[in-house]
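Asker: heads up, no residue letters with this:
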């Protein structure tokens, strides 16, 4: 679905960056507004969700942030009308800037006239959504929140990467790339890794080891979570089951329910159809 040109749109953010997205508007007042996680590797999941939305006469909007992709050249529109290219992506992402990007996509959906919006995030986008709902005057037509494979990132920080990060930051070299890769596949700058490991605004779903759940508790909207039973963010860092971790979230939220996808990994590979059906069930309940 996302390969078709008629679904592709773009948005110029407050800094002039051109952010790409995918939009399928159908005859409906409802829209799922979706965001990917770190590095943006959820296309198959979102395609499955978009197809389920179309079948049920619900619009679907997917918006990239400047933290999408691993490394990608993005166009920046300057005030004088000229365009330059800048390298963005997960490798140098700024959590707060990505939340601002999300807010602009949500504003776009509001201007499209939808009466009911459903925010959907995957992986670190779940943390961004929790942050957004706490720090922004969000529109009252947001009705539900759906979190796919939410992550508690702080315990996942590699100690060697953390030590190198602290050294580079102390030496005022924040934009230097670390020797090791985040999650084993993504290069990151010292600044980005420092942000991930120290930003309390990001560490808002601390279900692995416990922590401050205030931002989650503040959300009055219904929250629905979809988690894989063998999500690497759980099984690689704790003896708890995915169900145990989701119970922690449920017990620290006003209105949160969840569904465990048996055999589902973090990227829900080969489980995309089941995830799509689960999401649309939540939207329509």
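Answerer: In hand now; what should we look at? Keep in mind the model is a prediction, meaning the values are calculated, not measured. Numbers count the residues shown, from 1 in each chain.
Asker: all contacts plus neighbour counts: C-alpha atoms, from now on.
Answerer: OK.
Asker: My read is that residue 242 contacts residue 227, right?
Answerer: Yes - using Cα atoms under 8 Å, residue 242 is in contact with residue 227, at 7.1 Å.
Asker: Overlap of the contact sets of the two?
Answerer: residue 260 (Cα atoms under 8 Å, 6 or more residues apart in numbering).
Asker: how about the closest residue to residue 129 other than its chain neighbours, secondary structure?
Answerer: Of all residues not flanking residue 129 in the chain, residue 121 sits nearest, at 6.9 Å (Cα to Cα, 6 or more residues apart in numbering). Of the three states, residue 121 takes strand under DSSP: H, G, I helix; E, B strand; the rest coil.
Asker: Tell me how many other residues crowd residue 121.
Answerer: 25 (other Cα atoms under 10 Å).
Asker: Bridge partners for it, pull those for me.
Answerer: residue 35, residue 147 (DSSP bridges).
Asker: could we number from 12 for the rest of this?
Answerer: Okay, residue one is now 12; in that scheme the one you just asked about reads as residue 132.
Asker: Contact partners for it?
Answerer: Contacts of residue 132 by Cα under 8 Å, 6+ apart are 45, 46, 47, 48, 140, 157, 158, 159.
Asker: Just give me the closest of those residues to residue 195.
Answerer: Each of the contacts of residue 132 was scored against residue 195 by Cα to Cα, and residue 48 proved nearest at 15.5 Å.
Asker: which residues does the closest one contact?
Answerer: Residue 48 makes contact with 79, 132, 133, 134, 135, 136, 137 under the criterion Cα under 8 Å, 6+ apart.
Asker: Report pLDDT for the second one.
Answerer: Yep, that's residue 132 we're talking about. With respect to pLDDT, residue 132 has a value of 96.
Asker: Distance check, residue 127 against residue 106.
Answerer: Note on residue 127: its distance to residue 106, by Cα to Cα, to the nearest Å, is 26 Å.
Asker: quick one: which of these two has more around it?
Answerer: It is residue 106, of residue 127 and residue 106, that has more neighbours when counted by other Cα under 10 Å, with 23 against 19.
Asker: Test my guess that that one contacts residue 206.
Answerer: Yes - between residue 106 and residue 206 there is a contact under Cα under 8 Å: 7.4 Å.
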